[in-house]
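Enquirer: would you be able to build a 3D model of this:
(chains A and B)
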Amino acid sequence: MSESIKTDVVIVGAGPAGLFAVFELGLLDIKCHLIDILPKPGGQCAELYPEKPIYDIPGHPLVTGQGLVDQLLRQIEPFQPTFHYGEMVEALEVLGTAEAPLFRVRASGGQSFECKVVIVAAGGGSFQPKKPPIDGIEVFEDKSVFYAVRKMEDFRGKNVVIVGGGDSALDWTLNLAPIAKRLTLIHRRDDFRGAPHSVKAMRELVAGNQIDLHIGQISALAGEAGELSAATLKASDGSAREIACERLIPFFGLTMKLGPIGDWGLNLHENLVPVDTEKFETNIPGIFAIGDINTYPGKLKLILCGFHEGALAAQKAHRYVYPDKRLTFQYTTSSSNLQKKLGVN
Amino acid sequence: MPKITYRDSFGESRTIEAELGTTVMENAIRNAVPEITAECGGGCACATCHVYVDEAWLDLVGKPSDQEEDMLDFAYKVQPNSRLSCQIKVTAELDGLVVTTPERQG
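Expert: So this is what the prediction gives:
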């Protein structure tokens, strides 16, 4: 196992609240590592609505989800945060005391961190693949049913069925077609959202009888001891047929789940983390919660509220990270010290 | 105000009064109608406000847009009468609308 990374703060979630917290902490000389389950920064802004306009960011009459993320990344660049993508924080261990907090945080990839402060900025929770509503699918998971392709070799020489109509479904159809015994793509309608060139390449494989394309939905799975042998396809006209299927890869998008955060000993209220409104600290001293994941009287799930919460949490975090330093409040407009940190002076 | 009836997957019905110009999803959330999640808050960016429109209302409610169809790909048990309720605007002629919620949203 790799060595534990020692840092001031671990931020769980790289959405807008987590990103801006890096800025507020950075002004106070606090270093951060961010961990996010997605392969990119931005959280819901980048994953759910990158193209959609947001109208309520102060000073931005209109900015798209991705536009906001890009601007935030630019803004925090001087503070050089370290990002750990595609990972979920699995476990949190309290090592320190209420006065001098210290935590060990373990990410799903095996990397562990030692930090004085944890900021939970996990939004609606971690993004996880949606599972299709097929009875008994669980027994086949990780053996025959996969929600992502990690090792292509697992699919060599197998009857592979891919379900979905977006880029993930199309990309893996094109990638796995040459090595699968037979590949079948199933989508609920004969219309694909993916990139046009991928759709075209897929149609060519169908025309050349190299893969099968069926319009409909999977209604049942058959197999034994986790090894899949067949899937039942229900066409839109109600007719059903069986398809040879040893590997099933459903691509039904992502949904948000609270995940392991629920097991850290934090108080929870309807899957949200209660905090005070002075420091946005949880019931565990040294663990803060900002953005959509927290709750307090009057809470609004707005990006701008997440920014405010990060700024206040950073003030208290400073006391944990630098217990002997006095914090003087400064403005970026007038403080040459802050301007130096931002690289503008 | 137009009335909307939400029938849940157990067969229980709830009728609420909806304001003109709001969406069928918003009225569900405001009235704590179960089985509607609306994870993205009405941006047509998820598929967790999925409803089945009662056959009698299909023509009046109309067809989903391309973007909505793309999102419906992520919904469970999509049927020809499936819609995302955040994309159905309440109009006077929809007074009496009946929708059914699926057993799962996400």
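Enquirer: residues contacting residue 102?
Expert: Chain wasn't specified; assuming chain A. For A:Leu102, the contact set (Cβ atoms under 8 Å, 6 or more residues apart in numbering or on different chains) comprises A:Val94, A:Leu95, A:Gly96, A:Glu114, A:Cys115, A:Lys116, A:Gly286. Quick note: C-beta positions are derived from backbone N, CA and C, even for glycine.
Enquirer: that's the wrong chain, I wanted chain B
Expert: Contacts of B:Pro102 (Cβ under 8 Å, 6+ apart): B:Ser9, B:Glu35, B:His50, B:Val51, B:Tyr52, B:Ala75, B:Tyr76, B:Lys77.
Enquirer: burial of A:Leu92, as a residue count?
Expert: Other residues within reach of A:Leu92, judged by other Cβ atoms under 10 Å in any protein chain shown, total 22.
Enquirer: what does it show for phi and psi?
Expert: The phi/psi pair for A:Leu92 (degrees, to the nearest 10) reads phi -130, psi 130.
Enquirer: narrow the contacts of B:Pro102 to those in strands?
Expert: Per DSSP state E, strands hold the following members of the contacts of B:Pro102: B:His50, B:Val51, B:Tyr52.
Enquirer: could you export those as TSV, including distance to chain A?
Expert: Below are the ones in strands among the contacts of B:Pro102 laid out as TSV (distance: Cβ to the nearest Cβ, whole Å):
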residue	distance to chain A
B:His50	12
B:Val51	16
B:Tyr52	14
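Enquirer: in chain A, which spans are helices?
Expert: Using DSSP state H, the helices of chain A run over A:16-27, A:43-47, A:65-76, A:167-176, A:196-207, A:303-321, A:336-342.
Enquirer: and the third one, is it in reach of chain B?
Expert: No - Helix A:65-76 does not reach chain B (Cβ under 8 Å from any Cβ of the partner chain); its nearest approach is 8.8 Å.
Enquirer: what is the rounded mean pLDDT of that helix?
Expert: For helix A:65-76, mean pLDDT rounds to 97.
Enquirer: can I get that helix in CSV? Just the C-alpha atoms.
Expert: Taking only C-alpha atoms (Å, rounded to 0.1, in the frame of the first residue of the first chain), the coordinates of helix A:65-76 have been written out as CSV:
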residue,chain,number,x,y,z
GLY,A,65,-22.3,24.8,-15.5
GLN,A,66,-19.0,24.0,-17.2
GLY,A,67,-18.2,27.7,-17.6
LEU,A,68,-18.5,28.2,-13.9
VAL,A,69,-16.3,25.2,-13.2
ASP,A,70,-13.7,26.4,-15.6
GLN,A,71,-13.6,29.9,-13.9
LEU,A,72,-13.4,28.3,-10.5
LEU,A,73,-10.4,26.2,-11.6
ARG,A,74,-8.7,29.3,-12.9
GLN,A,75,-9.4,31.1,-9.7
ILE,A,76,-7.9,28.4,-7.4
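Enquirer: now that helix and helix A:303-321, what's the angle there?
Expert: Here helix A:65-76 runs at an angle of 30 degrees relative to helix A:303-321 (axes from the mean of the first three to the mean of the last three Cα atoms, to 10 degrees).
Enquirer: can you check the fifth one too?
Expert: With the same axes, to 10 degrees as the criterion, the two stretches helix A:196-207 and helix A:303-321 enclose an angle of 100 degrees.
Enquirer: quick one: contacts of helix A:196-207?
Expert: A:Asp167, A:Leu170, A:Asp171, A:Thr173, A:Leu174, A:Ala177, A:Leu185, A:Phe192, A:Ile211, A:Asp212, A:Leu213.
Enquirer: for those residues, which one is nearest chain B?
Expert: The closest of the contacts of helix A:196-207 to chain B turns out to be A:Phe192 (Cβ to the nearest Cβ; 9.2 Å).
Enquirer: sorry, back to before: got TSV for the contacts of helix A:196-207, with pLDDT too?
Expert: Formatted as TSV, those follow (pLDDT from 0 to 100):
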residue	pLDDT
A:Asp167	91
A:Leu170	96
A:Asp171	95
A:Thr173	97
A:Leu174	97
A:Ala177	97
A:Leu185	98
A:Phe192	95
A:Ile211	97
A:Asp212	97
A:Leu213	97
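Enquirer: widest-spaced pair of the residues you listed?
Expert: A:Asp167 and A:Asp212 (20.0 Å; Cβ to Cβ).
Enquirer: quick revisit: would you list the ones in strands among the contacts of B:Pro102 in JSON lines and tack on pLDDT, distance to A:Ile35 and neighbour count?
Expert: What follows is the ones in strands among the contacts of B:Pro102, written out as JSON lines (pLDDT from 0 to 100; distance: Cβ to Cβ, whole Å; neighbours: other Cβ atoms under 10 Å in any protein chain shown):
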{"residue": "B:His50", "pLDDT": "96", "distance to A:Ile35": "31", "neighbour count": "29"}
{"residue": "B:Val51", "pLDDT": "97", "distance to A:Ile35": "36", "neighbour count": "29"}
{"residue": "B:Tyr52", "pLDDT": "97", "distance to A:Ile35": "39", "neighbour count": "20"}
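Enquirer: count of residues packed around the nearest residue to A:His214 once chain neighbours are set aside?
Expert: Excluding its sequence neighbours, the residue lying closest to A:His214 (Cβ to Cβ, 6 or more residues apart in numbering or on different chains) is A:Ile186, at 5.0 Å. The number of residues packed near A:Ile186 is 23, by other Cβ under 10 Å.
Enquirer: one more: B:Arg30?
Expert: By other Cβ under 10 Å, neighbour count at B:Arg30 equals 12.
Enquirer: same deal with B:Val98?
Expert: Residues lying near B:Val98 (other Cβ under 10 Å) number 18.
Enquirer: for chain A, which spans come out with low pLDDT?
Expert: Along chain A, the model assigns pLDDT under 70 to residues A:1-2.
Enquirer: and it, what are its domains?
Expert: Listed domain ranges for chain A are A:5-127+A:255-342, A:131-252 (source: automatic domain parsing).
Enquirer: from one end of the shortest one to the other, what's the distance?
Expert: Yep, that's domain A:131-252 we're talking about. 7 Å (Cα to Cα, to the nearest Å).
Enquirer: next up, the contacts around the closest residue in space to A:Gly286 that isn't next to it in sequence.
Expert: Closest residue to A:Gly286 in three dimensions, ignoring its sequence neighbours and counting by Cβ to Cβ, 6+ apart: A:Pro101, at 2.7 Å. With contacts defined as Cβ under 8 Å, 6+ apart, A:Pro101 is in contact with A:Val94, A:Lys116, A:Val117, A:Ile284, A:Pro285, A:Gly286, A:Ile287, A:Tyr320.
Enquirer: now do A:Thr173
Expert: Counting by Cβ under 8 Å, 6+ apart, A:Thr173 has contacts A:Ile162, A:Leu183, A:Leu185, A:Met202, A:Leu205, A:Ile211.
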